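Peer 1: sequence? don't have it. structure:
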């Protein structure tokens, strides 16, 4: 031990000095020399805790009385399928990218909100006459084109008349045939119909194009204009620039928030869209960190995604379904209702949903897509039951020949060809159906065609059974899909369904403005169709949108088409700020 320095008082002396009434400042100076090392650590820790608690009071108070809200700024990149070619609401889109970009750049009179309801967009309001023939639309007076000019009734009239003119080759022409448009003033116009059409408001989602930029473009040059690749609209985002590769292919677009947007500048400043030829390339690009969001993901490809913690896979309902459409004119066996009934019982829909979609969809038993549309009536279902299939076929006279496995009845064999696209999901469905039906004595061959050849087969109705999808609006009009007048191209009655009562119901429904009465007619139609069995309705897959988790505010639950995922992009945000609760 070292001897104590006689000039420095020992611990006992210090304690004596403290007891003899030294001043506070002197006491504090002497205190560390009295305390042991462990006592000093304890007191130090307590002082740190006390200081932290004191500092936490204003921080805690701030977070308690404030809330996080959307702030401006930020950007994201998204991978899309297909190179854009015709970003024009009036022209048939060459790729899904065309529709996606058009939704961001252009606005319609109306749009769908997060719940799929039609709400005003360029329109401030609208009125429908008591007879359902006249629609008066009042435009927002602060709506501007992205070049600064006002959006007026002249732009709307020009857009509709261009769509109606066959010289321009618009894909929207059929929706506007027989509609007269009359200008009331610069910000009001009237649409006049010759016949009532209950779903006419769906037409108002068409993107409006600027007259002052397009009026001098001749019909022969309409699809060749540079405006189809560098569009100018009135939507939430505006075109900034594009990039091409060394072969001249467009590989990316950059869009910036429209500071002139009538509903307020969007929160997110910039969007970069990158284009890929296939979903496989899209998935690979995400796995290489080239993009943050994915425009679409097939259920079968979800497992291929890396970095799942960075992405939120949104399950969005879409009014589409896939089914097996019977061509009774092509197959004598399929003209037999008992055969169609037996095949319905032989189809295991839950297995398709489980094995192919991994549960990402709903089973469909009707052409009106129960669970998505506002038709709640219970419909007849043909649940998977192979014994019932065998019973029906045996009763109808189908037998297995000696030494054979395929059922026969007279000269007819229970043999069919399923025609579908080369899309892997549909090929897998066809293979499952083939195996399911084989178990009950049916022979199935599969014809998977590229889209161009498939379209030719559909146009000519050259198939036994077509495995294909059909899309409805959220407020549906199945006339073109099931009315007997639509059995031939360009109609889309793929099952060549012909029932006069069903025709009457479809005709009356589209002229019934009362939605409850209209839905009742569609309910009667679907019950009749299910009884006639012109098709087997399989499933409605969810639209799977892979969105970066950095993006917030996307609450869409149902869309009319994939591009509508952007309908409310103005509400999306990446950055946040805190504001006092109760403040605006």
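Peer 2: Yep, it's here. Note that the structure is predicted; figures quoted are calculated from it, not measured.
Peer 1: for residue 476, helix, strand, or coil?
Peer 2: Secondary structure state of residue 476, per DSSP: H, G, I helix; E, B strand; the rest coil, is coil.
Peer 1: surely it is in contact with residue 368?
Peer 2: Yes: look at residue 476 against residue 368 with CB atoms under 8 Å: they come within range, at 6.6 Å. No exception for glycine: its C-beta is placed from N, CA and C like everyone else's.
Peer 1: shared neighbours of these two, anything?
Peer 2: Residues touching both residue 476 and residue 368 (CB atoms under 8 Å, 6 or more residues apart in numbering) are residue 522.
Peer 1: could you give me the average pLDDT of the helix ranked longest in the chain?
Peer 2: Ordering each helix of the chain by length in residues (DSSP state H) puts helix 37-65 first. Taken as a whole, helix 37-65 has a mean pLDDT of 74.
Peer 1: for the remainder of this discussion, apply numbering that starts at 3.
Peer 2: Renumbered: residue one is now 3, and that last one reads helix 39-67.
Peer 1: pull the distance from it to the chain's centre.
Peer 2: From the chain centre to the centre of helix 39-67 is a distance of 50 Å (CA atoms, centre = their mean, to the nearest Å).
Peer 1: C-terminal to that helix, what's the next element?
Peer 2: Sequence-wise, the next helix or strand downstream of helix 39-67 (DSSP states H and E) is strand 68-72.
Peer 1: output the contacting helices and strands for that next one.
Peer 2: Contacts defined by 3 or more CB pairs under 8 Å, 6 or more residues apart in numbering; DSSP states H and E place strand 68-72 against strand 578-582.
Peer 1: so what touches the strand it packs on?
Peer 2: Applying CB under 8 Å, 6+ apart, the contact partners of strand 578-582 are 64-65, 67-73, 554.
Peer 1: over to stretch 259-274?
Peer 2: 72-80, 106, 124, 142, 144-148, 150, 236-240, 242, 254-258, 553, 555, 571-577.
Peer 1: start and end of that stretch, how far apart?
Peer 2: Across stretch 259-274, the terminal residues are separated by 12 Å (CA to CA, to the nearest Å).
Peer 1: that one: which residues count as buried?
Peer 2: 259-260, 263-265, 268-271, 273-274 (16 or more other CB atoms under 10 Å).
Peer 1: which pair in these spans the largest distance?
Peer 2: 264 and 274 (24.6 Å; CB to CB).
Peer 1: what's the burial count for residue 530?
Peer 2: Neighbourhood size, residue 530 [other CB atoms under 10 Å]: 13.
Peer 1: now the one 3 residues further on
Peer 2: By other CB under 10 Å, 11 other residues sit near residue 533.
Peer 1: okay, now the unreliable bits of the stretch 303-452 of the chain?
Peer 2: 372-379 (pLDDT under 70).
Peer 1: residue boundaries of the strands in the stretch 203-352 of the chain?
Peer 2: With DSSP state E, counting those that start in this stretch as the definition, the stretch 203-352 of the chain shows strands at residue ranges 239-246, 252-259, 272-278, 295-296, 313-318, 322-328.
Peer 1: which residues of the stretch 53-202 of the chain fall in helices?
Peer 2: Assigned by DSSP state H, counting those that start in this stretch, the stretch 53-202 of the chain shows helices spanning 98-107, 155-166, 175-178.
Peer 1: so for the last one, mean pLDDT?
Peer 2: For helix 175-178, mean pLDDT rounds to 92.
Peer 1: so for it, what gets flagged as buried?
Peer 2: Quick answer for helix 175-178 (16+ other CB under 10 Å): 177-178.
Peer 1: hang on, the earlier thing: let's have the strands of the stretch 203-352 of the chain in a markdown table, adding distance to residue 422.
Peer 2: A markdown table is the format used below for the strands of the stretch 203-352 of the chain (distance: least, CB to CB, whole Å):
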| stretch | distance to residue 422 |
| --- | --- |
| strand 239-246 | 35 |
| strand 252-259 | 30 |
| strand 272-278 | 23 |
| strand 295-296 | 24 |
| strand 313-318 | 24 |
| strand 322-328 | 9 |
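Peer 1: so what does the longest helix of the chain touch, helix or strand wise?
Peer 2: Counting contacts by 3+ CB pairs under 8 Å, 6+ apart, helix 39-67 packs against strand 578-582.
Peer 1: pull out the buried positions in the strand it packs on.
Peer 2: Buried, per 16+ other CB under 10 Å, within strand 578-582: nothing.
Peer 1: isn't residue 343 up against residue 384?
Peer 2: Yes: using CB under 8 Å, residue 343 makes contact with residue 384 at a distance of 7.2 Å.
Peer 1: rewinding a little: the longest helix of the chain vs strand 578-582, what angle?
Peer 2: Counting by axes from the mean of the first three to the mean of the last three CA atoms, to 10 degrees, helix 39-67 points 80 degrees away from the direction of strand 578-582.
Peer 1: can you pull the buried residues of helix 39-67?
Peer 2: Under 16+ other CB under 10 Å, helix 39-67 has no buried positions.
Peer 1: again with stretch 342-354
Peer 2: Buried positions in stretch 342-354, judged by neighbour count with 16+ other CB under 10 Å: 342-351, 354.
Peer 1: in CSV: those residues, plus distance to residue 436.
Peer 2: Listed next are the buried residues of stretch 342-354 as CSV, based on distance: CB to CB, whole Å:
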residue, distance to residue 436
342, 17
343, 19
344, 16
345, 12
346, 16
347, 16
348, 11
349, 11
350, 12
351, 15
354, 12
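Peer 1: between which two of those is the distance greatest?
Peer 2: Largest separation among the buried residues of stretch 342-354 by CB to CB: 343 and 354, giving 19.0 Å.
Peer 1: just the helices in the stretch 203-352 of the chain please.
Peer 2: Under DSSP H, counting those that start in this stretch, the stretch 203-352 of the chain gives helices at 213-216, 281-289, 339-347, 351-357.
Peer 1: tell me the domain boundaries of this structure?
Peer 2: Annotated domains of the chain cover 13-69, 77-316, 322-543 [automatic domain parsing].
Peer 1: number of nearby residues for residue 319?
Peer 2: Other residues near residue 319 come to 20 when the count uses other CB under 10 Å.
Peer 1: do a quick rundown of the strands in the stretch 353-502 of the chain.
Peer 2: Ranges of strands in the stretch 353-502 of the chain, per DSSP E, counting those that start in this stretch, are 363-365, 410-411, 414-415, 417-423, 445-451, 467-473.
Peer 1: so what's the residue count around residue 323?
Peer 2: Counted with other CB under 10 Å, residue 323 comes out at 27.
Peer 1: out of the helices of the stretch 53-202 of the chain, which is the most enclosed?
Peer 2: Highest mean neighbour count of the helices of the stretch 53-202 of the chain: helix 98-107, a mean of 24 (counted as mean count of other CB atoms under 10 Å).
Peer 1: just to revisit the earlier point, CSV please, covering the helices of the stretch 53-202 of the chain and showing distance to residue 413.
Peer 2: As requested, the helices of the stretch 53-202 of the chain are exported to CSV (distance: least, CB to CB, whole Å):
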stretch, distance to residue 413
helix 98-107, 46
helix 155-166, 52
helix 175-178, 43
